[in-house]
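In: what's the 3D shape of this:
(one chain, ligands or ions: 1)
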Amino acid sequence: MLKYNIRFPIVVVVITVINILFLIKGVKSADYIVGDEEQWNSQANFGSWSQLYNFTVGDVLVFKYNKEQHNVYEVTQTTYQTCDASSSTGGVLAKYESGNDQIALTEAKKYWFICNVAGHCLGGMRFNIDVKDQEANTTSNSAPSTPPTFEEPTNSNSCIRLPAGFEIWHIGIYIVGLFGLIFT
Ligand SMILES: [Cu+2]
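Out: Okay, here's the model as predicted:
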């Protein structure tokens with residue numbers, strides 16, 4: 001029994017800290033794969049995709065695409081509307097070209113995204129989102145007439161918006177901890 005006196009508290013502390021870290025991460029943010037299963041490509045309808053979710057500060061947009069065929073530009077509203085991202089307009093705020101871009105939504109503001117490959121923006125590879133503060137998002141809803149039909153994003157990797165996965169993580173961590181206790 002003597003060895004448990006030392007190891008048991010350590011195991012409990014480690015498990016608790018891991019759980020708290022997951023909780024904090026879960027409350028703070030969610031990851032959204034742009035276009036869900038269709039990802040960032042010429043076929044998906046991003047106007048309707050962007051209406052599915054309420055984005056809040058701390059969320060992350062994940063653009064997955066073939067980098068030989070597409071890219072991601074964050075642009076101004078004017079450039080979004082004209083699809084003219086030539087350097088003379090000064091409308092490009094950021095460029096992403098990795099094929100797996102993780103863009104953190106760090107400010108409560110409107111974001112405009114386009115693909116700058118010729119013809120793609122005008123063809124529909126563009127959308128805008130209105131990112132809210134965490135608190136504001138629960139009370140205000142900028143969506144027009146129809147209420148949102150999706151309360152929880154289905155493509156989220158984050159804890160709080162994927163309760164099932166979150167619970168599995170928790171249970172898994174405790175089982176591992178339990179085995180650690182039994183077999184030490
Ligand atoms: Cu494209």
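
In: Tell me the residues of this protein that contact the ion?
Out: Residues of the chain lying close to the ion (C-beta under 5 Å from the ion) are 70, 115, 117, 120, 125. Where you see a C-beta, it was placed from the backbone N, CA and C, and this is true even at glycine.

In: Filter these down to the buried ones and hand me the PyMOL line.
Out: Restricted to buried positions by 16 or more other C-beta atoms under 10 Å, the PyMOL selection for these reads:
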select buried, resi 70+115+120+125
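
In: Kindly reformat the residues of the chain next to the ion as JSON lines containing secondary structure and distance to residue 81.
Out: Listed next are those as JSON lines, based on DSSP: H, G, I helix; E, B strand; the rest coil; distance: C-beta to C-beta, whole Å:
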{"residue": "70", "secondary structure": "coil", "distance to residue 81": "20"}
{"residue": "115", "secondary structure": "coil", "distance to residue 81": "15"}
{"residue": "117", "secondary structure": "coil", "distance to residue 81": "18"}
{"residue": "120", "secondary structure": "coil", "distance to residue 81": "15"}
{"residue": "125", "secondary structure": "coil", "distance to residue 81": "14"}
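
In: Contact partners for residue 100?
Out: Contact partners of residue 100, counting by C-beta atoms under 8 Å, 6 or more residues apart in numbering, are 62, 63, 64.

In: Just the closest of those to the ion, please.
Out: Taking C-beta to the ion as the measure, residue 63 is the one of the contacts of residue 100 closest to the ion, at 10.4 Å.

In: helix or strand for the closest one, which one?
Out: Per DSSP states H and E, residue 63 falls inside strand 60-64.

In: now, the most widely separated pair of the residues of the chain next to the ion?
Out: Within the residues of the chain next to the ion, two members stand farthest from each other by C-beta to C-beta: 117 and 125, at 7.9 Å.

In: Show me whatever sits in contact with both of those two.
Out: Common neighbours of residue 117 and residue 125, using C-beta under 8 Å, 6+ apart, are residue 70.

In: number of nearby residues for residue 87?
Out: Using other C-beta atoms under 10 Å, residue 87 has 7 other residues around it.

In: Apologies, that question was intended for residue 95.
Out: Per other C-beta under 10 Å, the neighbour tally for residue 95 reads 13.

In: cool, and residue 76?
Out: Residues within reach of residue 76, counting by other C-beta under 10 Å, total 16.

In: Tell me the spacing between it and residue 126.
Out: As judged by C-beta to C-beta, to the nearest Å, residue 76 and residue 126 stand 12 Å apart.
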